[in-house]
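In: sequence and predicted model, in that order:
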Amino acid sequence: MQHPVVIIGAGPVGLAAAAHAVERGMDVVVLEAGPGAGAAVGQWAHVRLFSSWAELVDPAARRLLDAAGTWFAPDDGAYPTGGEWREHYLRPLAELLDAHALGSVEYDARVTGVGRAGRDLLVDSGRETDAFAVHVQDRSGHRRLLARAVVDASGTWTSPNPLGADGYPALGEREHAVRITYGIPDLADPAVAARYAGKHVAVAGRGASAQGVLIGLAALARRDADTRVSWLLRRPSVGDAFGGGDNDQLEQRGRLGQEARAAAGGGAITHVTRFRTEAVVGQPDGRLTLRSVDGTEVTDVDEVIVVTGFRPDFSFLSEVRLDLDPALGSARALADQIHPDHHSCGDVAPHGYRELTQPEPGLFLVGMKSYGRAPSFLAMTGFEQVRSVVAALDGDLEAAGRVELVLPETGVCNGAGAFDAPDALADTASGGGCCGAPTSGPELVTIGRPSGQ
């Protein structure tokens, strides 16, 4: 009996992997922990993506949808919100795959463990040929599913980085969770806006998501003058936080940076640099004091918004053999290209099954999870990853080894090598570093994902 390929996650990359598998005549089961396709995307449905529709639809998925004749392709030049991406692409694709004779998409099906059938982590024999045992918790209870291969496209959304500078929640962070939001609140929603209007809001983070939050809060402050914002930055200056502006070939990314720069320069937003949160302390009046590791305090805080990025969850992969970068938790072969401490405006080469292969034969980490804690990822990169991985699983190594991806250039710098060096940051921000005109190679920016401080 030929077992199916099991794909963990019904997000953009997981569904793209399933589309490629079905197109190649492979049985596939997609397991999604959420209640529907693109469940994580639905949690930031109000956020507009930097990429256009042309870059957000996987080629194999497009072919399947076009052939079905029931899908109306969006305008390739338009920029959807997360909600539009989900409604007009992810859900129709999932429905098509689930109805296909070779496909099955299951919801509320959380993978709790992946291992080799009948063999724990210590056993060497049989790992090349034996099936995977995928343990699943669903509405009916716990079950075990056998698979010929496992493609983990579960992403990182469920594991946001904490406010605490040590990599763990700050002292008091859990106790005061009712006043802390992780991610981008929908400030266009009157009910959400009411939570922050007229309040002192601390925002931790410096990436694209933090910039979106600053823009929203600045607009709120124009309507309610009592609204004020403390922007907490671990670095010694704002530096290159606002990206490449007009040099950014992802037009919406450049525009976001320009709008964020204007918002941050307004009177409602105060920059608090070199702030690395150690503790969240409740005040007698119910508000909060945030304390940095050097003793600096930001007081009288009503609300905290944490947009410091995400990290992968490997808890359900403890019985398979992994080779990961020790700092990022990414596929080791990718680390030098994506680590923010080791590169600034370098590009990420197109990559596939060779770079993503793990010591456990037949197991691949793809999508955002393959990048670990690195803050920058493009949907197109994920589509190319799974095209190559599925071709390799089908034995078509010629197709798997081809390069079929060209990324857009950008003037954005995300490097953190000058974390504590304000002079170096000033050099790059003024154009003396890599953030002048774009270089000849493609460069990576964040798409629909908060990035770090």
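Out: Looks like it arrived, so ask away. Values in this document were obtained by computation on a predicted structure and should not be read as measured data. Numbers count the residues shown, from 1 in each chain.

In: give the contact list for P59.
Out: If a contact means Cβ atoms under 8 Å, 6 or more residues apart in numbering, then P59 has 383, 387 as its contacts. C-betas here are computed from N, CA, C, even on glycine.

In: same question, R86
Out: Neighbour list for R86: 37-38, 41-42, 45 [criterion: Cβ under 8 Å, 6+ apart].

In: mind checking how far it is from M368?
Out: 16 Å (Cβ to Cβ, to the nearest Å).

In: before we move on, what about T156?
Out: For T156, the distance to M368 under the criterion Cβ to Cβ works out to 5 Å.

In: more neighbours: the two, which one.
Out: For T156 and M368, the more surrounded residue by other Cβ atoms under 10 Å is M368, and the numbers stand at 30 against 24.

In: now the more buried one, nearest residue through space, not along the chain?
Out: Spatially, and ignoring its direct neighbours in sequence, M368 is nearest to G155 (4.6 Å; Cβ to Cβ, 6 or more residues apart in numbering).

In: also L322?
Out: Counting by Cβ to Cβ, 6+ apart, L322 lies nearest to Q358, which is 5.6 Å off, once chain neighbours are set aside.

In: thought V320 was touching the one you found, still the case?
Out: Yes. Under the criterion of Cβ atoms under 8 Å, Q358 is in contact with V320, at a separation of 7.5 Å.

In: who has more neighbours out of those two?
Out: V320 (22 against 19).

In: quick one, which of the contacts of R86 are buried?
Out: By the neighbour-count criterion of 16 or more other Cβ atoms under 10 Å, the contacts of R86 include these buried positions: 37-38, 41-42.

In: in helices, which of the residues you listed fall?
Out: Judged by DSSP state H, the buried ones among the contacts of R86 include 41-42 as members of helices.

In: could you dump the buried ones among the contacts of R86 to CSV with distance to R143?
Out: Supplementary listing: these in CSV, determined by distance: Cβ to Cβ, whole Å:
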residue, distance to R143
A37, 21
G38, 24
V41, 27
G42, 26
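
In: export the buried ones among the contacts of R86 as CSV, with columns for pLDDT and distance to P312.
Out: Rendered in CSV, the data for the buried ones among the contacts of R86 read as follows (pLDDT from 0 to 100; distance: Cβ to Cβ, whole Å):
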residue, pLDDT, distance to P312
A37, 98, 21
G38, 97, 19
V41, 96, 17
G42, 95, 20
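
In: closest to T112 among the buried ones among the contacts of R86?
Out: Nearest to T112 among these is A37, at 20.8 Å by Cβ to Cβ.

In: ok, for T296, nearest residue in space, not its chain neighbours?
Out: Here the nearest residue to T296 in space, its sequence neighbours aside, is F275; by Cβ to Cβ, 6+ apart that works out to 6.2 Å.

In: and the one you found, helix, strand or coil?
Out: The three-state label for F275, taken from DSSP: H, G, I helix; E, B strand; the rest coil, comes out as coil.

In: neighbours around it, how many?
Out: That count, for F275 with other Cβ under 10 Å as the rule, works out to 25.

In: phi, psi for it please.
Out: Note on F275: backbone dihedrals following degrees, to the nearest 10 are phi -110, psi 110.

In: shouldn't it be in contact with L232?
Out: Yes. At 4.5 Å, F275 counts as touching L232 under the criterion of Cβ under 8 Å.

In: need the overlap of contacts for those two.
Out: Counting by Cβ under 8 Å, 6+ apart, the residues touching both F275 and L232 are 290, 298.

In: hmm, back to that, give me the phi and psi angles of the residue nearest to M368.
Out: Note on G155: its backbone torsions stand at phi 70, psi -160 [degrees, to the nearest 10].

In: that one contacts K369, doesn't it?
Out: Yes. G155 is within contact range of K369, at 5.8 Å (criterion: Cβ under 8 Å).

In: contacts for stretch 152-162?
Out: 7-9, 11, 13-14, 17, 33, 40, 43, 111, 114, 167-170, 173, 182-183, 306, 308-313, 317, 363-369, 373, 382, 386, 449-450, 452.

In: among those, which are located in strands?
Out: Judged by DSSP state E, those include 7-8, 111, 114, 182, 306, 363-365 as members of strands.

In: most widely separated two among these?
Out: With distances taken as Cβ to Cβ, the most widely separated pair in the ones in strands among the contacts of stretch 152-162 is V306 and L363, at 31.7 Å.

In: which of those two has more neighbours?
Out: Remark: of V306 and L363, V306 carries more neighbours, 26 against 21, as counted by other Cβ under 10 Å.

In: partner residues bridging the more buried one?
Out: Here V306 shows beta-bridge partners Y182, A204, assigned using DSSP bridges.

In: gap between it and R261?
Out: 22 Å.

In: is it true that R373 touches F314?
Out: No. With contact defined as Cβ under 8 Å, R373 and F314 do not form a contacting pair (11.8 Å).

In: now list whatever residues contact both of those two.
Out: Residues touching both R373 and F314 (Cβ under 8 Å, 6+ apart): G329.

In: looking at these two, which is more packed in?
Out: Under the neighbour definition other Cβ under 10 Å, R373 and F314 were set side by side, and R373 has more, 21 against 16.

In: contact partners for the residue lying farthest from the centre of the chain?
Out: For the chain, the largest distance from the centre (Cα atoms, centre = their mean) belongs to P284, which lies 37.4 Å off. Counting by Cβ under 8 Å, 6+ apart, P284 touches no other residue.

In: phi, psi for it please.
Out: For P284, the backbone dihedrals (degrees, to the nearest 10) come out as phi -60, psi -30.
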